[in-house]
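*Asks:* show me the folded form of this:
(one chain, ligands or ions: 1)
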Amino acid sequence: MDSHARERIQNIASKKLVMEKDKSIKIIHNTYTKSRGAPELLDIFCKNCNIYVMTYQKDGLGELLRCYLDRIHLPENLQKRQFEYQKGRKNISLVCHNCNTVIGTPMIYKTENRPAYHMIKEKSSFTKHKLPR
Ligand SMILES: [Zn+2]
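*Replies:* Now for the predicted structure:
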């Protein structure tokens, strides 16, 4: 199988995963949401290999500079990191599970003392979900 064929299959598989999981996502509304504005769901992809990395809730407008751990909805292993962090585990980089590209580096957003990833702009892309109104 050539690399293009493999990439196509991976893309189809990752899109399917996104669509299937979509129905189970519950938007988080709390003080962070209130202070930032209307939330939207983003599917974040690795720019290097185009594979789906995670579904993220971005609150309010503006550029995607940071991804807060407590706003990751999927996949489960990344969603769980916020709880592992609370239990004392070190915040680690956000890495593409397919090609190992580092997409985000760990940081604490000091204003809110909130663990996050500083997103490396050139390494990731995203698409927005259509949310039911
Ligand atoms: Zn990748």
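*Asks:* wait, isn't residue 122 in contact with residue 101?
*Replies:* No: with contact taken as C-beta atoms under 8 Å, residue 122 and residue 101 are classed as non-touching, separated by 10.1 Å. Glycine gets a C-beta too; all of them are placed from N, C-alpha and C.
*Asks:* spit out the residues that contact these two alike.
*Replies:* Counting by C-beta atoms under 8 Å, 6 or more residues apart in numbering, the common neighbours of residue 122 and residue 101 are residue 47.
*Asks:* helix, strand or coil for residue 122?
*Replies:* Secondary structure, DSSP: H, G, I helix; E, B strand; the rest coil: residue 122 is helix.
*Asks:* what's the spacing between the nearest residue to it once chain neighbours are set aside and the ion?
*Replies:* Nearest in space to residue 122, with sequence neighbours left out and distances taken as C-beta to C-beta, 6 or more residues apart in numbering, is residue 47 at 6.8 Å. Plainly put, residue 47 is 8 Å away from the ion if you go by C-beta to the ion, to the nearest Å.
*Asks:* can you count the residues close to residue 47?
*Replies:* Other residues near residue 47 come to 17 when the count uses other C-beta atoms under 10 Å.
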